[in-house]
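Novice: predicted model and sequence follow; I will ask about them next.
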Amino acid sequence: MKFESGVHRVQRIPATETLGRVHTSTMTVAVLPDAENIGSTIKPSEIRIDTYRAGGKGGQHVNTTDSAIRITHIPTGITVSIQDDRSQHKNKAKAMKILQARLYEHERQKVHEQRSKDRSSQVGTGERSEKIRTYNFPQDRITDHRIGLSLNNMESMFNGEKLSEFHEALHRHE
């Protein structure tokens, strides 16, 4: 299906057209790989955990124990600091959950940006001049403009019978 990405032009005469004028439309097709699961696991070697004394209200206990946690994910530089609880272990567990959520969002954003870049590189601006294939209904003809191949009998193309002819010609041209 990699050959199908680009601008496709359709020329047709709608049933409501009384003067027989040909209407031209375009559509863009992007062929992208399946989305993968972004599930991420945090390796202990990729994080730095700092403990420090919590600040703020809380009396004498806050100033004597290192219950606040700061976890830094070294590859991305994402930092999470927690000093909600009096327990260092509870703060560490909360910080790890927040770090995982932030890393997931970071990876999801990266994947989204890459997919958007791939999509825009395949379809361009979507203008008619960028067309790769024309479906001409009045003349029952399909033309692939990249290789200059025109075939008649559009119905067999839409049934998948002639699609292989286009793909074989594109493979030879590649």
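Specialist: Okay, I see it.

Novice: so the residue nearest the centre of the chain, which state does it fall into?
Specialist: Nearest residue to the geometric centre of the chain (C-alpha atoms, centre = their mean): Arg115, 2.9 Å. When classified by DSSP: H, G, I helix; E, B strand; the rest coil, Arg115 comes out as helix.

Novice: next secondary structure after the least confident helix or strand in the chain by mean pLDDT?
Specialist: Lowest by mean pLDDT, DSSP states H and E among the helices and strands of the chain is helix 60-64, with a mean of 60. Using DSSP states H and E, the helix or strand that follows helix 60-64 in sequence is strand 68-73.

Novice: what pairs with that following strand, parallel or antiparallel?
Specialist: Neighbouring strands of strand 68-73 in its sheet, by DSSP bridges, are strand 47-52 (antiparallel), strand 78-82 (antiparallel).

Novice: any idea which of those is most buried?
Specialist: Mean neighbours per residue, mean count of other C-beta atoms under 10 Å, is largest over the strands paired with strand 68-73 for strand 78-82, with a mean of 17. Glycine gets a C-beta too; all of them are placed from N, C-alpha and C.

Novice: need the strands paired with strand 68-73 in JSON lines (columns: mean pLDDT and distance to His171).
Specialist: Shown next, in JSON lines, are the strands paired with strand 68-73 (pLDDT from 0 to 100; distance: least, C-beta to C-beta, whole Å):
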{"stretch": "strand 47-52", "mean pLDDT": "90", "distance to His171": "48"}
{"stretch": "strand 78-82", "mean pLDDT": "92", "distance to His171": "45"}
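
Novice: could you dump the ones you listed to TSV with distance to Val10?
Specialist: As requested, these are arranged in TSV below (distance: least, C-beta to C-beta, whole Å):
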stretch	distance to Val10
strand 47-52	54
strand 78-82	47
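
Novice: for Lys94, list the residues it contacts.
Specialist: 82, 84-85 (C-beta atoms under 8 Å, 6 or more residues apart in numbering).

Novice: that's a helix at it, yeah?
Specialist: Yes: under three-state DSSP, Lys94 sits within a helix.

Novice: could you report the pLDDT at it?
Specialist: Per-residue pLDDT puts Lys94 at 91.
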